[in-house]
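S.K.: sequence first, then the predicted structure, then my questions.
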Amino acid sequence: MKLSAGVEWAIHCCVVLSQAQQPVPAARLADLHGVSRTYLAKHLQALARAGIVRPVEGRDGGYELTRPPAEVSVLAVVEAIDGPEPAFRCTEIRQQGELAAPPEQCTRPCGVARVMAAAEQAWRRSLAGSSVADLAASFDTTKMRSLL
């Protein structure tokens, strides 16, 4: 499975926002991580559309989480950035080419589709069971807060 770089950026931003006492401007989030401001802004917009963060207008504006960090799963962030579609899409290759099986033998998913679906479920379950708060616990949040 390959996730976009935006997923990593978005997760790190959510961790920073979980420690902030006030909204953090997108430019500051980009500077803290050494990433492109314009590219990060697109990902923050995706997080806002998903209801994970909200923009705050005004002189002291920026972004903030919409709910406590313990209620924001890593899966929600991943899906906000890369979408909810499954990583594997079965194309029924077993019904093509010289090894093609007749359709009547293909009433259930093949072994490849079953193992890929099981892996996807395990991956999603793991991400759903991890929150932004869990991740923040693994960072030096004192240093993080001092830079905000």
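M.R.: Everything's here; your move.
S.K.: what's the least confident helix or strand in the chain, going by average pLDDT?
M.R.: helix 141-147 (a mean of 78; mean pLDDT, DSSP states H and E).
S.K.: which residue ranges form the helices in the chain?
M.R.: For the chain, applying DSSP state H gives helices covering 5-19, 26-33, 37-49, 74-82, 111-128, 132-136, 141-147.
S.K.: how much space separates the residue nearest the centre of the chain from residue 88?
M.R.: Nearest to the mean C-alpha position of the chain, by C-alpha atoms, centre = their mean, lies residue 78 at 1.5 Å. Distance of residue 78 to residue 88, computed by C-beta to C-beta, to the nearest Å: 16 Å. In this view, the C-beta of every residue, glycine as well, is placed from N, C-alpha and C.
S.K.: go ahead and confirm residue 81 touches residue 6.
M.R.: Yes: with contact defined as C-beta atoms under 8 Å, residue 81 counts as touching residue 6 (4.7 Å).
S.K.: shared neighbours, those two?
M.R.: Residues touching both residue 81 and residue 6 by C-beta atoms under 8 Å, 6 or more residues apart in numbering: 43, 46.
S.K.: rewinding a little: so who does the residue nearest to the centre of the chain touch?
M.R.: 3, 7, 11, 127.
S.K.: burial of the third one, as a residue count?
M.R.: Other residues within reach of residue 11, judged by other C-beta atoms under 10 Å, total 20.
S.K.: let me see the contact set for it.
M.R.: 74, 77, 78, 132, 135.
S.K.: residues contacting the closest residue to the last one other than its chain neighbours?
M.R.: Spelled out, that is residue 135. For residue 135, ignoring the flanking residues on the chain, the nearest one in space by C-beta to C-beta, 6 or more residues apart in numbering is residue 15 at 5.2 Å. With contact taken as C-beta under 8 Å, 6+ apart, residue 15 is in contact with 69, 132, 135, 136, 139, 144.
S.K.: and the residue in the chain sticking out farthest from the centre, how far from residue 46?
M.R.: In the chain, the greatest distance from the average C-alpha position (C-alpha atoms, centre = their mean) is reached by residue 98, at 40.2 Å. Distance, residue 98 to residue 46, by C-beta to C-beta: 44 Å.
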